[in-house]
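K.L.:
Pasting the sequence and the predicted coordinates here, then a few questions.
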Amino acid sequence: MPELPEVETTLRGIAPHIEGKTVETVILRQSKLRWQVNPDLGEILSGRQVLSCGRRAKYLIVRFQTGILLIHLGMSGSLWIFMPSDGRIGKPDRHDHVDIVFSDGTVMRYRDPRKFGAILWYEGIEEHHPLLEKLGPEPLSEAFCADYLYARLKAQKRAVKLALMDNAVVVGVGNIYANESLFRAGISPRRPANRLKKKECALLVETVKAVLQHAIETGGSTLRDFVDSDGKSGYFQQEYTVYGRHNQPCPRCGGLVVKETLGQRGTFYCPNCQK
């Protein structure tokens with residue numbers, strides 16, 4: 001599914017086109033997504049101005065005066081922007097479930113073949129939303145630091161990769177970027193989290209930030225359906241060091257990358273380089 005860099009890329013793609021604009025109508029073609037879309041969403045949003053757009057973990061947030069629209073892309077969702085001048089909006093296909101139409105003719109379209117995403121209206125501030133209020137810090141924020149990570153991990157016996165992917169510990173470090181970060185830090189994904197030393201936590205924080213930032217700069221990764229708001233695929237996947245490289249040479253030592261399953265997720269690492 002789209003991970004944090006893909007969601008951040010989408011945010012940067014849509015925000016300049018909808019911030020400050022007023023919603024004219026909402027066209028709801030399919031309300032049965034992961035959670036039911038409010039059938040009155042058009043009535044709720046009509047006439048409201050978008051104050052700003054943001055992201056928390058893998059959730060996109062469109063902020064209005066008295067509430068927020070929370071959007072999750074699920075496994076295959078994407079947002080598309082159609083400008084009134086480009087003439088390419090065309091006829092929606094069967095996977096185009098929601099259009100938010102703005103007063104200047106701009107359209108933001110939600111497309112989701114698998115329908116595992118979500119579009120939720122919440123009357124209140126984002127910090128109080130049940131899906132957001134118990135999340136850990138953002139990985140690119142100052143709150144995610146060596147002291148914090150060491151304190152959170154020192155009582156956890158589970159594998160460090162599973163802890164790193166826990167949104168209560170830190171948000172948005174999904175499977176791809178957990179694999180890549182642990183490789184670059186030289187830490188085995190199977191290591192018990194409470195066995196990490198303070199300096200290893202510092203190195204892991206540093207690599208997580210670097211991997212995610214680079215992925216954002218290169219447009220995220222492409223797994224099956226992900227495209228950004230311009231319809232372009234991400235290409236960080238061209239630079240994977242271990243993810244998806246089972247039985248291929250490790251770029252550091254030349255040994256073979258192995259694949260195991262941790263927490264029902266494919267886990268790729270180099271036994272020689274990661275201890």
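P.N.:
Cool, the structure landed. For clarity, every value in this text was computed on a predicted model and none was experimentally measured.

K.L.:
low pLDDT regions in the stretch 1-150 of the chain?
P.N.:
Across the stretch 1-150 of the chain, the ranges flagged by pLDDT under 70 are 1, 87-88, 90.

K.L.:
Do a quick rundown of the strands in it.
P.N.:
Secondary structure of the stretch 1-150 of the chain (DSSP state E, counting those that start in this stretch): strands located at 23-28, 52-56, 59-63, 68-72, 78-82, 96-102, 107-111, 118-122.

K.L.:
taking those strands together, which one is wrapped up most tightly?
P.N.:
strand 68-72 (a mean of 23; mean count of other C-beta atoms under 10 Å). C-betas here are computed from N, CA, C, even on glycine.

K.L.:
May I have the strands that pair with it, each with its orientation?
P.N.:
strand 59-63 (antiparallel), strand 118-122 (antiparallel) (DSSP bridges).

K.L.:
Distance from it to the middle of the chain?
P.N.:
Its chain's C-alpha centre and that of strand 68-72 lie 13 Å apart, by C-alpha atoms, centre = their mean, to the nearest Å.

K.L.:
How about stretch 251-259?
P.N.:
That offset, for stretch 251-259, works out to 28 Å (C-alpha atoms, centre = their mean).

K.L.:
contacting residues around it?
P.N.:
Stretch 251-259 is contacted by residues 241-242, 245-250, 266-273 when judged by C-beta atoms under 8 Å, 6 or more residues apart in numbering.

K.L.:
and the residues you listed, which of them are in strands?
P.N.:
Gly266, Thr267, Phe268, Tyr269 (DSSP state E).

K.L.:
list the buried ones in stretch 114-131?
P.N.:
Within stretch 114-131, the residues that count as buried by 16 or more other C-beta atoms under 10 Å are Lys115, Gly117, Ala118, Ile119, Leu120, Trp121, Tyr122, Glu126, His129, Leu131.

K.L.:
Dump that stretch to PDB, restricted to CA.
P.N.:
Coordinates of each C-alpha in stretch 114-131 appear next as PDB, following Å, rounded to 0.1, in the frame of the first residue of the first chain:
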ATOM      1  CA  ARG A 114      -9.800  -2.100  -4.400                       C
ATOM      2  CA  LYS A 115     -12.000   0.200  -2.300                       C
ATOM      3  CA  PHE A 116      -9.900  -0.200   0.900                       C
ATOM      4  CA  GLY A 117      -9.300   3.500   1.300                       C
ATOM      5  CA  ALA A 118     -11.400   6.000   3.300                       C
ATOM      6  CA  ILE A 119     -12.900   9.500   3.100                       C
ATOM      7  CA  LEU A 120     -14.100  10.600   6.500                       C
ATOM      8  CA  TRP A 121     -15.600  13.900   7.700                       C
ATOM      9  CA  TYR A 122     -14.900  14.900  11.300                       C
ATOM     10  CA  GLU A 123     -16.400  17.900  13.000                       C
ATOM     11  CA  GLY A 124     -13.500  19.000  15.200                       C
ATOM     12  CA  ILE A 125      -9.700  19.300  15.200                       C
ATOM     13  CA  GLU A 126      -7.500  16.500  13.900                       C
ATOM     14  CA  GLU A 127      -5.700  15.900  17.200                       C
ATOM     15  CA  HIS A 128      -9.000  14.600  18.700                       C
ATOM     16  CA  HIS A 129      -9.800  12.200  15.800                       C
ATOM     17  CA  PRO A 130     -10.000   8.600  17.100                       C
ATOM     18  CA  LEU A 131      -7.700   7.400  14.300                       C
END
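
K.L.:
Could you identify the longest helix within this structure?
P.N.:
In the chain, taking DSSP state H as the definition, the longest helix is helix 198-217.

K.L.:
Now that helix: buried residues?
P.N.:
Going by 16+ other C-beta under 10 Å, helix 198-217 has these buried residues: 200-205, 207-209, 211-212, 215-216.

K.L.:
All set now, cheers.
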